[in-house]
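[1] Attaching a predicted model along with its sequence, questions to come.
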Amino acid sequence: MNIKRYFEFEADWATLSLASRQGRLGEILREGDIIPIALKNGEQHEIVATQDGHRKWHCIFRNCLSRTAEMNDSWTNEGGWAACKMRAYLNAVVFGLLPDDLQAVIVPTKVVQIVDGKRVETMDKLWLPSETQIFGKTVWAVEEPEDTQLAWYKNTQNRVKTRGSDTVWYWERSAFADSSCS
């Protein structure tokens, strides 16, 4: 018989950041570790530690924030990530809600998309996962040439997001006009 045992340990964002810069984050975190955070507006959330196919660590919100946001005014992600309203919202409003100690250690990451046949790069503190990061390489996933599936999302149950007790649709970064939204 296999018995699963879960345990908690104390760490802070500065320690995790230092370990990341030293290439030792995997000595502290394990795939799927859940880190509780309190936003400055009082909302309680969980961040999941996960790796991509390049063994780069990512911290993603496990579920949706309480406030819904649109990708663009037209409820499409036309123009891709670089041009969308959601990008500005995440990197200003949502970033401002993060605890100060977490804000202090977030390093902007290069996000690459192919939009209308052209390579578009942005540097973002916060971003939405791409279709490739959620579902892996698919027939439609040509817009994110450098992305690989995040290990957390390989379990299809982890692709389900909630807001409170409700299961909800959510945006992904991929540049398709017909992407799901909430």
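    Yep, that arrived.
[2] could you dump stretch 30-46 to CSV, C-alpha only?
    Provided in CSV are the C-alpha atoms of stretch 30-46 (Å, rounded to 0.1, in the frame of the first residue of the first chain):
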residue,chain,number,x,y,z
ARG,A,30,8.6,20.4,-5.9
GLU,A,31,6.3,20.2,-8.9
GLY,A,32,2.8,21.2,-7.8
ASP,A,33,3.8,22.8,-4.5
ILE,A,34,1.0,25.3,-3.5
ILE,A,35,1.9,28.6,-1.9
PRO,A,36,-0.9,30.6,-0.2
ILE,A,37,-0.9,34.3,-0.7
ALA,A,38,-3.1,37.2,0.5
LEU,A,39,-3.7,40.0,-2.1
LYS,A,40,-3.7,43.5,-0.8
ASN,A,41,-7.5,43.6,-1.4
GLY,A,42,-7.9,40.8,1.1
GLU,A,43,-8.5,38.0,-1.4
GLN,A,44,-6.9,34.7,-0.5
HIS,A,45,-5.3,32.7,-3.3
GLU,A,46,-3.0,29.9,-4.1
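[3] List the buried residues of that stretch.
    If you call a residue buried by 16 or more other CB atoms under 10 Å, then stretch 30-46 has these buried ones: Ile35, Ile37, Leu39, His45. The C-beta positions use only the backbone N, C-alpha and C, and glycine is treated the same way.
[4] If you count residues, where's the longest helix of this protein?
    The longest helix of the chain (DSSP state H) is helix 13-21.
[5] Which strands or helices does that helix pack on?
    Under the contact definition 3 or more CB pairs under 8 Å, 6 or more residues apart in numbering; DSSP states H and E, helix 13-21 sits against helix 25-28, helix 100-103.
[6] Switch those over to JSON lines; also include distance to Arg62, mean neighbour count and mean pLDDT.
    Shown next, in JSON lines, are those (distance: least, CB to CB, whole Å; neighbours: other CB atoms under 10 Å; pLDDT from 0 to 100):
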{"stretch": "helix 25-28", "distance to Arg62": "19", "mean neighbour count": "14", "mean pLDDT": "91"}
{"stretch": "helix 100-103", "distance to Arg62": "15", "mean neighbour count": "13", "mean pLDDT": "96"}
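[7] and these as a markdown table, adding distance to Arg159?
    Listed next are those as a markdown table, based on distance: least, CB to CB, whole Å:
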| stretch | distance to Arg159 |
| --- | --- |
| helix 25-28 | 24 |
| helix 100-103 | 24 |
